[in-house]
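Trainee: Pasting the sequence and the predicted model now:
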Amino acid sequence: MKLVRYGPSGQEKPGLIDAQGQLRDLSAQVADIDGAALSPASLHKLAAIDAASLPAVSGPVRHGPPVARVGKIICVGLNYADHAAETGAPIPAEPILFLKPSSSIIGADDTVVIPRGSVKTDWEVELGVVIGKKASYVTEAEALDHVAGYTIVNDVSEREYQLERGGQWDKGKGCDTFSPIGPWMVTKDEVADPQNLGLWLDVNGKRFQDGSTRTMIFPVAKLVSYISEFMSLLPGDIISTGTPPGVGLGQKPPLYLKAGDAMRVGIQGLGEQRQATRAWSRELA
């Protein structure tokens with residue numbers, strides 16, 4: 001299934017995309033696409049519904065974040081060897097973890113706001129892993145049993161805040177609008193191998209990132225197991241699994257986003273995002 005949340009920000013309704021690409025409303029079946037709706041039992045019930053019996057939604061609609069009330073986004077830094085090389089960082093011996101706040105989450109095609117005074121806002125296409133069942137001290141063999149599905153995350157990052165302002169990475173990762181997610185969540189039964197997905201990102205029509213999840217240092221099952229040693233993963237949590245090479249920081253010379261730029265972000269089988277950027281203003285605060 002492709003599960004979506006559609007409608008104005010803060011008023012999203014649950015839905016699904018049927019086999020013909022038609023958006024259909026799920027409001028009579030589930031209150032929202034949240035942690036409770038992502039449990040194995042709930043997903044089984046939703047999968048049994050005849051999609052053709054659901055109300056069709058016509059006209060253009062906004063796709064909100066596909067998961068409501070995300071508890072936490074756990075991000076993995078430098079999880080592609082070639083990305084680590086382009087940033088001048090050593091290949092990590094263990095996964096590097098940091099958190100992004102839920103206040104950074106926006107829909108797949110919502111506007112990314114360049115923070116006030118920022119001159120080093122960057123892009124990162126990443127595979128998002130959505131948790132469907134609590135995971136605590138799970139083995140790698142068990143790990144994917146705790147996954148509900150997969151989505152796209154653009155881990156927008158401010159490199160000056162991240163690398164030059166002291167402390168941990170969070171300052172450069174958690175700004176408002178820095179986590180576009182979606183356009184939908186694809187349930188894990190429709191993703192044969194999460195370690196064999198192409199992923200790409202264009203800025204103003206030029207492709208900068210063009211990689212594959214095959215080159216992850218730590219694969220999805222390892223990440224779920226590893227993270228569950230340090231914190232419980234709860235239904236609705238999202239793991240953002242790292243980015244392939246081609247970020248702005250790695251260009252020669254470095255290249256960063258400015259107001260008016262356009263990003264196109266995609267992962268094989270998971271859809272595409274399209275974001276415009278704009279400068280921060282007090283009206284947006």
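Mentor: Received the coordinates, thanks. The structure displayed is predicted, hence computed values, not measured ones. Residues are numbered from 1 along each chain as shown.
Trainee: CA atoms for contacts and neighbours, from now on please.
Mentor: Fine.
Trainee: which residue packs closest to Ser232, ignoring adjacent ones?
Mentor: Ser136 (4.9 Å; C-alpha to C-alpha, 6 or more residues apart in numbering).
Trainee: separation between that neighbour and Asp237?
Mentor: Computed as C-alpha to C-alpha, to the nearest Å, the Ser136 to Asp237 distance reads 13 Å.
Trainee: Counting neighbours, go ahead and name the busier of the two.
Mentor: Asp237 (27 against 19; other C-alpha atoms under 10 Å).
Trainee: Contacts only, for that one.
Mentor: Gly35, Val70, Gly71, Lys72, Ile73, Ile74, Val130, Ile131 (C-alpha atoms under 8 Å, 6 or more residues apart in numbering).
Trainee: ok, 10 Å please
Mentor: Asp237 sits next to 34-35, 67-74, 102, 128-134, 147 when contact means C-alpha atoms under 10 Å, 6 or more residues apart in numbering.
Trainee: Kindly report the same for Leu249.
Mentor: Here Leu249 is in contact with Glu86, Thr87, Lys120, Thr121, Asp122, Trp123, Ser157, Glu158, Arg159, Leu255, Tyr256 (C-alpha under 10 Å, 6+ apart).
Trainee: do that again at 6 Å, thanks
Mentor: Neighbour list for Leu249: empty [criterion: C-alpha atoms under 6 Å, 6 or more residues apart in numbering].
Trainee: Repeat that for Ser39.
Mentor: Shown in contact with Ser39 (C-alpha under 6 Å, 6+ apart): Gly132, Lys133.
Trainee: Roughly how far does it sit from Pro235?
Mentor: Ser39 is 7 Å from Pro235, by C-alpha to C-alpha.
Trainee: Overlap of the contact sets of these two?
Mentor: Residues touching both Ser39 and Pro235 by C-alpha under 6 Å, 6+ apart: Gly132, Lys133.
Trainee: Please identify the buried residues of stretch 38-58?
Mentor: Residues of stretch 38-58 classed as buried by neighbour count (16 or more other C-alpha atoms under 10 Å): Leu38, Ser39, Pro40, Leu43, Leu46, Ala51, Leu54, Ala56.
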